[in-house]
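Asker: Got a predicted structure here, sequence first:
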Amino acid sequence: MRTKKYVGITSEIKLCELMSHQLLNANISAQNTVIVTVSTDYSSMVGQYLRHALSWDKEICDGFGIDVPYPDELWTSDYIIDLHETFKTHNRLLKDKTLLLVEAGVINGRNYTYVTDFIRKSYDNRIVTLALFENHTSVFKSDFVGEYYNDSVEDLTFWWERDNKHWPAYDPN
């Protein structure tokens, strides 16, 4: 039985702050970057925090979000069409910019793999990936990781989460 790995609001903000310093030290800022928030329902807080934290010369970092399948779903035609249309809509932001993909939690890495493959096939942009939390067995390895965890024994749970149909209910017994 997995235990809950609870991430409180203070921990999430502190990790966002730490990650923003690492990105700025790596010369990733609003000047040269567009943030792509992957899985907006779970990662929007991270994306928004970083958009402001990477401000440069009073310019807030450009960005947009994409929705991806939950772990119990596949990349259906609806998700694929939405991905293509979202990038097409925001194409004007991409010129000569690094794409910083951000996720609150990378569990298996399937979505990051799919999205980065799509970008590499469709665009010439440099891609940098960030995960606040990444399962150490994920097939995708992010460039920046706030903290690693073990999904086989820990159920990553954020302070704002509510039970939903995509996740089995947490049972401490």
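Answerer: Okay, I see it.
Asker: so the spatially most central residue of the chain bridges to which residues?
Answerer: What sits nearest the mean C-alpha location of the chain, by CA atoms, centre = their mean, is E103, with 1.5 Å. Note on E103: beta-bridge partners by DSSP bridges are A131.
Asker: Need the pLDDT of it.
Answerer: At E103, the model reports a pLDDT of 97.
Asker: same deal with T113?
Answerer: 97.
Asker: Surely it touches V139?
Answerer: Yes - using CB atoms under 8 Å, T113 is in contact with V139, at 6.3 Å. Yep, even glycine has a C-beta here, placed from its N, CA and C like the rest.
Asker: In three-state terms, how would D155 be classified?
Answerer: strand (DSSP: H, G, I helix; E, B strand; the rest coil).
Asker: In contact with it, which residues?
Answerer: R2, T3, K4, K5, Y170 (CB atoms under 8 Å, 6 or more residues apart in numbering).
Asker: which among those residues end up buried?
Answerer: Of the members of the contacts of D155, the ones counted as buried by neighbours, 16 or more other CB atoms under 10 Å, are K5.
Asker: ok, back up a step: relative to G63, how far out is the residue nearest to the centre of the chain?
Answerer: Look at E103 and G63: by CB to CB, to the nearest Å, they are 13 Å apart.
Asker: likewise E12?
Answerer: From E12 over to G63 the distance is 18 Å, taken as CB to CB.
Asker: Could I get the contacts of D155 in a markdown table, plus columns for distance to K121?
Answerer: Putting the contacts of D155 into a markdown table (distance: CB to CB, whole Å) gives the following:
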| residue | distance to K121 |
| --- | --- |
| R2 | 36 |
| T3 | 39 |
| K4 | 38 |
| K5 | 34 |
| Y170 | 38 |
